[in-house]
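A.B. asks: Mind folding the following:
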Amino acid sequence: MGKIKRSNQTLTGEGLALAGLITGYIGIAFTVMVLPMLLAIAIPSFVNARSKAIEAACRNNLRMIESAKDQYALDHTNQYPRMLSDLAGADGYIKKMPVCQAGGTYSLNGSNEPPTCSIGGKHALRLTAQPPAEP
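C.D. replies: As a prediction, this is how the structure comes out:
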């Protein structure tokens, strides 16, 4: 700024103002063009992460139900519970009734079958295969 004052009106600083405006407009255009592209990438990723978290929570609930079902059978001479409500409650094997965040309902099934969610698909309990017993 001091150089402009000492130049006896030969330097006015008009070019500097124009350069600032151009730089500002380029910055705005860059933001207007890049921000939607970043959002187009980020939003589907967040939605996918949320659905995977809901599926994982459902599988964890199924594992908890399976474990409570086995504990019930140990305490009741290999009799498995008939209803999910037999496992839940203050004195039960599960303190609070599990809820599928996707809106599914849980079923106990038979003694040799794992519990299931009504949604199915990735809302299913995958049991690891156990090696066969040696004769």
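A.B. asks: Okay, and residue 44 sits in which element?
C.D. replies: Element membership for residue 44 (DSSP states H and E) is helix 14-75.
A.B. asks: Return the list of helices and strands in contact with that helix.
C.D. replies: Judged by 3 or more C-beta pairs under 8 Å, 6 or more residues apart in numbering; DSSP states H and E, the packing partners of helix 14-75 are strand 106-107, strand 116-117. C-beta: built from backbone N, CA, C; applies to glycine.
A.B. asks: Low-confidence ranges, this protein, go.
C.D. replies: Residues of the chain meeting the criterion pLDDT under 70: 1-5, 9-16, 127-135.
A.B. asks: what's the burial count for residue 37?
C.D. replies: For residue 37, the neighbour count with other C-beta atoms under 10 Å is 9.
A.B. asks: ditto for the one 3 residues further on
C.D. replies: Residues near residue 40, counting by other C-beta under 10 Å, number 9.
A.B. asks: Please apply the same query to residue 54.
C.D. replies: Neighbours around residue 54, by other C-beta under 10 Å: 18.
A.B. asks: for residue 123, same thing?
C.D. replies: Based on other C-beta under 10 Å, the number of other residues close to residue 123 is 22.
A.B. asks: Any figure for the gap between it and residue 75?
C.D. replies: 28 Å (C-beta to C-beta, to the nearest Å).
A.B. asks: rewinding a little: now the helices and strands packed on helix 14-75 as CSV including distance to residue 80 and mean neighbour count?
C.D. replies: What follows is the helices and strands packed on helix 14-75, written out as CSV (distance: least, C-beta to C-beta, whole Å; neighbours: other C-beta atoms under 10 Å):
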stretch, distance to residue 80, mean neighbour count
strand 106-107, 13, 16
strand 116-117, 15, 21
